[in-house]
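# Requesting a structural model of the entry that follows:
(one chain, ligands or ions: 1)
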Amino acid sequence: MSAPGGTCRKEIEMRPYVICHMLSTVDGKIDSAALKAVTGKDEYEATGAKLQGDAWVCGRTTMQQHFAEDEPFVSASNTPAGPQPVYVARRAKSYAVSIDTLGKLRWSDCDLDGDHLICVVSERVPEDYLPMLRERGISYIVSGASSVDLVQAVNLLGQYFGIRTLLLEGGGHINGAFLQADLIDEVSLLVVPGIDGRHDIPAVFDGVSPAKNAAVPLKLKSVEQRESDTLWIRYEVVRS
Ligand SMILES: NC(=O)c1ccc[n+]([C@@H]2O[C@H](COP(=O)([O-])OP(=O)(O)OC[C@H]3O[C@@H](n4cnc5c(N)ncnc54)[C@H](OP(=O)(O)O)[C@@H]3O)[C@@H](O)[C@H]2O)c1
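Now for the predicted structure:
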């Protein structure tokens with residue numbers, strides 16, 4: 001355990017392979033509630049298992065919707081923690097990773113679906129948030145002064161926890177941030193037989209800067225047609 005400094009060569013070499021694994025309608029929308037009606041039972045999880053990740057990561061909104069306690073964490077001090085060492089509560093076979101800039105999520109357990117929880121927060125996290133995580137046996141990484149430094153955080157996941165394959169599992173805004181940080185190696189997309197069509201629903205990749213007006217090129221790796229009429233499409237990200 002040591003303080004995260006600048007990204008060094010060793011950290012770059014240890015960066016996990018990142019696969020963005022998502023389920024979407026044919027118009028690219030990802031609202032889990034709407035998708036239920038047109039998705040086979042366990043199709044997303046069963047397909048994800050084939051990717052053999054040793055960790056999965058989600059943005060704060062998705063973690064709040066599906067995994068964290070309903071009520072947010074309320075700080076008694078509101079004093080920013082500033083730079084902090086990585087805290088490894090324990091090493092595990094598989095991990096769940098939450099990206100939560102300000103430490104808003106409240107957790108009751110150190111495991112999610114049997115995977116050891118790692119909270120990634122920024123230096124703006126309140127100082128009393130971190131002892132709360134330690135008391136519950138939850139690991140954490142503090143990275144980035146004002147927002148989470150995703151490149152450094154992903155490197156630290158490899159370096160401190162030995163994560164080799166990281167499944168990026170949404171939602172759209174955290175996927176967009178990983179894309180913009182050039183952290184995605186592969187896209188695994190389950191296109192279900194359904195159309196959403198609503199304007200305000202997040203897409204598979206969302207929130208990317210408007211200045212980035214050229215699509216990221218992909219190379220087709222495989223396509224599988226399921227009996228459920230779902231297509232499983234895998235693409236590699238092409239880097240120049
Ligand atoms: N179909 C699927 O496969 C699938 C999978 C997962 C989720 N979903 C759906 O996706 C929807 C949620 O997606 P979403 O796009 O609204 O939220 P999201 O990507 O789950 O979370 C976005 C949040 O992550 C935090 N974050 C931390 N660092 C960030 C960074 N560098 N860049 C961007 N965000 C960062 C931010 O929280 P702060 O504001 O605290 O900084 C941000 O508001 C839900 O409807 C969920 O059900 C679908």
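# ok, which stretches of this protein are strands?
For the chain, the strands defined by DSSP state E cover 17-24, 55-59, 95-99, 111-112, 115-121, 139-142, 165-168, 186-191, 218-225, 231-237.
# what about these, which gets the closest to Ala89?
strand 139-142 (4.4 Å; Cβ to Cβ). C-beta here means a position set from N, CA and C on the backbone, and glycine is covered the same way.
# The closest one - contacts with which helices or strands?
Contacts defined by 3 or more Cβ pairs under 8 Å, 6 or more residues apart in numbering; DSSP states H and E place strand 139-142 against strand 115-121, helix 129-135, helix 150-161.
# Lowest average confidence across helices and strands of this structure, where is it?
helix 9-13 (a mean of 51; mean pLDDT, DSSP states H and E).
# ok, back up a step: would you turn the strands of the chain into TSV with mean neighbour count, mean pLDDT and distance to the ligand?
Formatted as TSV, those follow (neighbours: other Cβ atoms under 10 Å; pLDDT from 0 to 100; distance: least, Cβ to the nearest ligand atom, whole Å):
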stretch	mean neighbour count	mean pLDDT	distance to the ligand
strand 17-24	22	98	4
strand 55-59	25	98	2
strand 95-99	25	98	4
strand 111-112	17	97	13
strand 115-121	24	98	8
strand 139-142	26	98	12
strand 165-168	24	98	9
strand 186-191	21	98	8
strand 218-225	11	98	17
strand 231-237	17	98	13
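# Quick check: residues of this structure near the ligand?
22-24, 30-32, 35, 58-62, 65, 99-102, 104, 147-148, 150, 169-174, 177, 202, 206 (Cβ under 6 Å from any ligand atom).
# Show me the one of the strands of the chain that comes nearest Leu130.
In terms of Cβ to Cβ, the element of those nearest to Leu130 is strand 139-142, at 6.4 Å.
# Using CSV, write down the CA coordinates of the closest one.
Extracted as CSV, the C-alpha positions of strand 139-142 are listed here (Å, rounded to 0.1, in the frame of the first residue of the first chain):
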residue,chain,number,x,y,z
SER,A,139,-11.2,-1.5,-0.4
TYR,A,140,-10.7,1.9,-2.0
ILE,A,141,-8.7,4.0,-4.4
VAL,A,142,-8.5,7.8,-4.1
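# how far away is Leu156 from the ligand?
Taking Cβ to the nearest ligand atom, to the nearest Å as the criterion, Leu156 is separated from the ligand by 15 Å.
# For the residue nearest to that residue when sequence neighbours are not counted, list the residues it contacts.
Spatially, and ignoring its direct neighbours in sequence, Leu156 is nearest to Ile141 (5.1 Å; Cβ to Cβ, 6 or more residues apart in numbering). Ile141 sits next to 4, 86-87, 118-121, 153, 156-157, 160 when contact means Cβ atoms under 8 Å, 6 or more residues apart in numbering.
# The same query, at a cut-off of 6 Å, please.
By Cβ atoms under 6 Å, 6 or more residues apart in numbering, Ile141 lies in contact with 86, 120, 153, 156.
# cool, Gly40 as well?
Going by Cβ under 6 Å, 6+ apart, Gly40 touches Ser228.
# From the residues of the chain next to the ligand, list the buried ones, please.
Buried by 16 or more other Cβ atoms under 10 Å: 22-24, 30-31, 35, 58-60, 62, 99-102, 104, 148, 150, 169-174, 177, 202, 206, out of the residues of the chain next to the ligand.
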